[in-house]
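1. Got a sequence here, can you model it:
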Amino acid sequence: MRQLLCLTALLTLIVAPAHAADISAEQYGYPLHNPFEATIATTPAALRIEVPSDDDIDQADYSLRLRPEREFILPENFWAVKRLTYRLAKQPGPAPLMFIISGTGGSFSAGKTEALKRLYYGAGYHVVQLSSPTSFDFIAAASRYGTPGYSPDDAKDLYRVMQAVRARHHDLPVTEFNLTGYSLGALNAAFVSKLDETRQSFNFKRVLMINPPVNLYTSIKNLDKLVQTRVEAIDSTTTFYEVVLEKLTRYYRQQGAINLDEAMLFDFQQSALRLTDEQLAMLIGSVFRFSAADIAFTSDLINRRGLIVPPDYPINEGTSLEPFFRRALLCDFDCYITEQLIPMWRAQQDGGSMAQLIQQVSLYALEDYLRDSPKIGVMHNADDIILGAGDLGFLRRTFGDRMTLYPLGGHCGNLEYRVNAHDMLEFFRG
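-> Model (predicted):
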């Protein structure tokens, strides 16, 4: 699993936010007009807001023992995820606290989550960074059913984690609680906020959703389709990864150094070796497929379903997981939903059809709440690749002037852009 996670972390270079009324691309000033490029290369360093460095942040990682029974279910070499790790950045005195929920498959230390931490910490917030309910560590250490994707249950799991964090740091001087999330984490934030209306552990002052999926199934299908993109020069003897790596190798050779960060990717896309739209689409789709494989593998292993790993197969430090990951990579999100999520949902929630599931896990299920709750806002990009027909219309009707729409940025590509950063801080200042 570690090999797959490293590759996912290497490829996952996406981000997330958006701005108010409809403004032109010229007024906005964001330099990447291609949504695929924006999704991967994000924002050039010169256009980002100034934030504290890690050396200037009082932060530490902590762990919670939430599912002790998993210690007897998971193999011994999964020791690192038998407890859920989170990161807390503390201000020196009383301050508001910001919970940040990571996007699909993202850990608490994902790049976009780190960027948001630096932004809010610099603005005077305590910050708690949480993994996505779809990350392997959350599935193993915090998910009740070990089968993420049913949004109400994911919200309950997140809420329990947040309550445990608060109890662990009961002496932290908090003046108010706020919540944000990006991508799938934004959808999770909406369901957590709704849950808090009845449980009232936090009474969030403000909740910001950044680039959320509206219809979760539509967003999944959009990303899954990217893997099926036809790419020139790829045939039975040359793989997509060989084409991309060959271009990167030539670029590094010309530059005389290797630097795997967003700034490099921005510069790379300005060079003659730039990736085509089809190659960029395939790269984004591949990252998503790796996330799907991670979810399918971990959920199957925890529940001993035998779909990917035989129920009684012995796994220890010396066991090669490669054959199982190869099998998991053949299972896209449709496969995961059909083989694992729907059966669990029907067993635990007396669920029915796929259409009913889609309704219950998407923002449609919260339409009335989102329309009537003045504390919740949404920021999105008009060119976001996860949106489907009618999604922006739904957001406009539901949020009104609490929606900020940027013309560019792809999927979370403008998260660190100075305009977006300013707008995010202004939203929470109220």
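2. What is the neighbour count of S320?
-> S320 is flanked by 9 other residues according to other Cβ atoms under 10 Å. Using the backbone N, CA and C atoms, a C-beta is placed for each residue, glycine as well.
3. Can we start the residue count at 31 from this point?
-> Sure, I'll start numbering at 31, so the last one becomes S350.
4. any idea how far it is from L360?
-> Noted for S350: a distance of 17 Å to L360, by Cβ to Cβ, to the nearest Å.
5. Tell me the buried residues in the host helix or strand of E227?
-> Using DSSP states H and E, E227 sits within helix 214-229. Buried residues in helix 214-229, counted by 16 or more other Cβ atoms under 10 Å: 214-226.
6. Which two among those residues are spaced furthest apart?
-> L214 and D226 (18.6 Å; Cβ to Cβ).
7. related to what we said a few turns ago, so after the helix holding E227, what's the next helix or strand?
-> strand 236-240.
8. between the next helix-or-strand element following that following strand and helix 214-229, what angle do the directions make?
-> Counting by DSSP H and E, the element after strand 236-240 in chain order, helix or strand, is helix 246-256. Between helix 246-256 and helix 214-229, the angle comes out at 170 degrees (axes from the mean of the first three to the mean of the last three Cα atoms, to 10 degrees).
9. Distance from the chain centre to helix 246-256, please.
-> Taking Cα atoms, centre = their mean, to the nearest Å, one finds the center of helix 246-256 at 14 Å from the center of the full chain.
10. do stretch 84-101 as well
-> 19 Å.
11. Then stretch 97-106?
-> 25 Å.
12. Can you tell me what sits against it?
-> Applying Cβ atoms under 8 Å, 6 or more residues apart in numbering, the set of residues contacting stretch 97-106 from outside is 111-112, 170-174, 331-332, 334, 345-347, 349.
13. Just the buried residues of the residues you listed.
-> V111, K112, A170, A171, A172, S173, L331, I332, I345.
14. Which two of these have the greatest separation?
-> Farthest apart among those - using Cβ to Cβ - are A172 and I345, which lie 21.0 Å from each other.
15. Between the two ends of stretch 149-156, what distance do you get?
-> Its start and end residues considered, stretch 149-156 measures 11 Å (Cα to Cα, to the nearest Å).
16. Please read the previous query as pertaining to stretch 63-78.
-> Where stretch 63-78 begins and where it ends lie 17 Å apart, using Cα to Cα.
17. In it, which residues are buried?
-> N64, P65, F66, E67, A68, T69, I70, A71, T72, T73, P74, R78.
18. Looking at the residues you listed, which are in helices?
-> P65, F66, E67, A68, T69, I70, A71 (DSSP state H).
19. Report pLDDT for the first one.
-> Just to be clear, that refers to P65. P65 carries a pLDDT score of 91 in this model.
20. same check, this time on the last one
-> In this prediction, A71 carries a pLDDT score of 78.
21. was I right about it contacting G443?
-> Yes - counting by Cβ atoms under 8 Å, A71 touches G443, with 7.1 Å between them.
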